[in-house]
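In: Sequence and predicted structure, then a few things I'm wondering about:
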Amino acid sequence: MGLKIRSLVSALKVNSRLFSTCNRLNQFNEPLSGHSMARAGGIASMMRLPVQETAEGLHACFVGVPLDIGTSNRSGTRYGPRQIRAESALIRKCNNATGASPFDSFQVADVGDVNINLYNLPKACEDIRKHFLKIINTGCIPLALGGDHTMTYPILQAIKEKHGPVGMVHIDAHSDTNDLMLGEKIAHGTPFRRAIEEGCLDGKRVIQIGLRGSGYSTSDYDWAKQQGFRCVQAHECWHKSLTPLMEEVRQMMGDKPVYISFDIDGLDPCYAPGTGTPEVGGLTVIQGLEILRGCRGLNVIGGDLVEVSPPYDTTGTTALVGANMLFEMLCVLPGVIYK
């Protein structure tokens, strides 16, 4: 019997070594290469990654939030996740500009969409909160495809349960700190007012970049500033690199948890016309990249790309830009290998 046990243990060790070797050779999911299958083929998952039902076993995941019942102008963002996935087929696995190679160190997959109640916005928010809480409790970092900006409120609610109040890098034409919209507390213009009220955000570690457009008063940003937000208006960014600003942001955020929320309307509509509330005079795509790449080294625990509205994106440009910004978010997550 002792000999049989020793033989069994020896066999298990051999199998373990073989498994370890195979795991090293093919440990992580990768986007389906355009050299393996034409980009027009394959399932329209984010970056043509494998799709799985849960976040179990993943370091990071892409998750769709097909929501547009919180919008105040153009609708259609419920189709944003689907179109972002379709346009993401062009994105390859390595970031040649920064040297980031996330698929060499991270297990990443597309975990599909939140099943949302599209007839009741508070119920939809509860659906989102519960869904993201499940993802976060697995230890996986969620990167969300939107969807209107209302969705960030319940995502932050879920994040609070694990991380407490977090800092935020927020790219947007609008502060989204209204108290009410047409008498309602929940809408795409109110998420960060609600998040502050519920202790989801650390106001002194929030920066909003790209704010602009006409307003209802000249004091539209006062409430955010009173909470400690740093508000950077778009005209302060004109004709400038934002790399120096991001050096300040890294000091501001320290090593505590940070969430990234990127509203595509933060970019000028010449780059991203397919959105619900476009505002002229916005950030360039290059500045958007500078902001996200400047988040490298931060303790990023989640992010989203919101407000892509395919009905107003006739060439797919907005969704393509959004897909690339999500890839850039993936590239700055803690633990990503740089070569």
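Out: Everything's here; your move.

In: was I right about residue 323 contacting residue 92?
Out: No: Residue 323 lies out of contact with residue 92 (Cβ atoms under 8 Å); the separation is 12.0 Å. C-beta: built from backbone N, CA, C; applies to glycine.

In: Between the two, which is the more surrounded one?
Out: Between residue 323 and residue 92, residue 323 has the larger neighbour count (other Cβ atoms under 10 Å), namely 26 against 14.

In: Quick check: the more buried one is in a strand.
Out: No: Residue 323 is assigned helix when assessed by DSSP: H, G, I helix; E, B strand; the rest coil, not a strand.

In: change the start of the numbering to 617 and stick with it
Out: Let's use 617 as the start, then, which means that last one is residue 939.

In: and the gap between residue 905 and residue 824?
Out: 18 Å (Cβ to Cβ, to the nearest Å).

In: The two: who's more crowded?
Out: When residue 905 is set against residue 824 and neighbours are counted by other Cβ under 10 Å, the residue ahead is residue 824, at 27 against 17.

In: Which of the three states applies to the more buried one?
Out: Put simply, residue 824 is strand when judged by three-state DSSP.

In: With adjacent residues omitted, what lies nearest to it?
Out: residue 786 (4.6 Å; Cβ to Cβ, 6 or more residues apart in numbering).

In: Burial check on the one you found, number of neighbours?
Out: Residues lying near residue 786 (other Cβ under 10 Å) number 31.

In: That one: what's it in contact with?
Out: Going by Cβ atoms under 8 Å, 6 or more residues apart in numbering, residue 786 touches 808, 822-825, 876-877, 879.

In: If we only consider those residues, which is nearest to residue 846?
Out: Taking Cβ to Cβ as the measure, residue 846 lies nearest residue 823 of the contacts of residue 786, at 4.4 Å.

In: Identify all residues paired with that closest one through a beta bridge.
Out: For residue 823, the beta-bridge partners under DSSP bridges are residue 785, residue 846.

In: any idea how far residue 719 is from it?
Out: Taken as Cβ to Cβ, the span from residue 823 to residue 719 is 29 Å.

In: burial of residue 929, as a residue count?
Out: 24.

In: so it makes contact with residue 699?
Out: Yes: Residue 929 is within contact range of residue 699, at 6.9 Å (criterion: Cβ under 8 Å).

In: what's the overlap in contacts for the two?
Out: By Cβ under 8 Å, 6+ apart, residue 929 and residue 699 have these common neighbours: residue 935.

In: in stretch 811-819, what counts as buried?
Out: Buried residues in stretch 811-819, counting neighbours by 16 or more other Cβ atoms under 10 Å, are found at 811-812, 816-819.

In: okay if I get those as CSV plus pLDDT and distance to residue 672?
Out: Below are those laid out as CSV (pLDDT from 0 to 100; distance: Cβ to Cβ, whole Å):
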residue, pLDDT, distance to residue 672
811, 98, 28
812, 98, 32
816, 98, 25
817, 98, 28
818, 98, 30
819, 98, 34
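
In: Out of those residues, list just those in helices.
Out: Using DSSP state H, the subset of these located in helices is 811-812.

In: Take the buried residues of stretch 811-819 and write them to CSV, including distance to residue 780.
Out: Below are these laid out as CSV (distance: Cβ to Cβ, whole Å):
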residue, distance to residue 780
811, 12
812, 14
816, 9
817, 10
818, 8
819, 13
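
In: Tell me the bridge partners for the residue nearest to the spatial centre of the chain.
Out: Nearest to the geometric centre of the chain sits residue 920, at 2.3 Å (Cα atoms, centre = their mean). On the basis of DSSP bridges, residue 920 takes part in beta bridges with residue 760, residue 877.

In: Go ahead and confirm it touches residue 941.
Out: No: Residue 920 is beyond contact range of residue 941, at 10.2 Å (criterion: Cβ under 8 Å).

In: Overlap of the contact sets of those two?
Out: Joint contacts of residue 920 and residue 941 (Cβ under 8 Å, 6+ apart) are residue 878.

In: Many thanks, I have nothing further to ask.
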